[in-house]
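**Student:** here's a sequence, model it:
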Amino acid sequence: MAVGGSRLLCGAVRVLCSGTDASAADRLRRRPAARLRADGRGGKRARRESAARQRVEPDAASRRGLTHVSRQAQRHRLYFTSEPGEVNMKRVLISSGSTFESEIGYSRAVAQGDWVFVSGTTGFDYATMTISEDIETQTDQCLRNIAAALEQAGASLNDVVRATYVLPDGSEFSKCWPVLKRYFGNVRPAAMMISAGLADPRMKIEIEVTAFRQA
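**Tutor:** So this is what the prediction gives:
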């Protein structure tokens, strides 16, 4: 009887096991993995989802950076456009009265926004259309002519950020230095000297400048 009873008990156990709900068994098998995900020792999918959220949602520092870039873009948009209500970028053409400007088709200077671009300017006195024979006087007259053009644009020689000097005879450039220092000694713009021929043999120097009007 004891042996038979054991067999009956084992059979009952087998029947109960075979009748166990499959979904309940699956849940039992999944519990260790679920616990691993909960305590940080597993869960690749959870880590992938977290990384994806971090890529989509920038942290506070990134948001500050994006705001900074956006503000910069807004400033540039306002500066380089002239839509209603925005900064006026109308081009202003400035003349010195030189006959060369109308004959050749150019302006003594062009102002647009805060920038002023002054054409190559020689040592002619435009009131009389005469020019001195020495390079020092020509240099002084060049800068007087440039200052007059800048003044019409609401700027001055103090606003000059770049200067280019063109001389047919480069060896004479040192003669110009005292004059240039008198005008640009404190301004000290970026500069370059080029040795090249000019349109009129009487011209010994030509100066071109770019200025940025200060607020």
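**Student:** make it CA atoms for all contacts and neighbour counts henceforth
**Tutor:** Noted.
**Student:** please pull up the helix or strand immediately following the lowest-mean-pLDDT helix or strand in the chain.
**Tutor:** Least confident helix or strand of the chain, by mean pLDDT, DSSP states H and E, is helix 60-80 with a mean of 40. Later in the chain than helix 60-80, the nearest helix or strand by DSSP states H and E is strand 92-94.
**Student:** for residue 157, see how far away residue 188 is.
**Tutor:** Using CA to CA, to the nearest Å, residue 188 is found at 10 Å from residue 157.
**Student:** ok, these two, which is more surrounded?
**Tutor:** residue 157 (23 against 15; other CA atoms under 10 Å).
**Student:** residues contacting that one?
**Tutor:** Residue 157 sits next to 146, 147, 150, 183, 184, 187, 211 when contact means CA atoms under 8 Å, 6 or more residues apart in numbering.
**Student:** kindly recompute the last result at 10 Å.
**Tutor:** With contact set as CA atoms under 10 Å, 6 or more residues apart in numbering, residue 157 has these partners: 143-144, 146-151, 183-184, 187, 189, 209-213.
**Student:** same question for residue 98.
**Tutor:** 107, 108, 124, 125, 126, 127, 128, 129.
**Student:** make CSV out of those residues and add distance to residue 117.
**Tutor:** Shown next, in CSV, are the contacts of residue 98 (distance: CA to CA, whole Å):
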residue, distance to residue 117
107, 10
108, 9
124, 19
125, 20
126, 19
127, 22
128, 24
129, 23
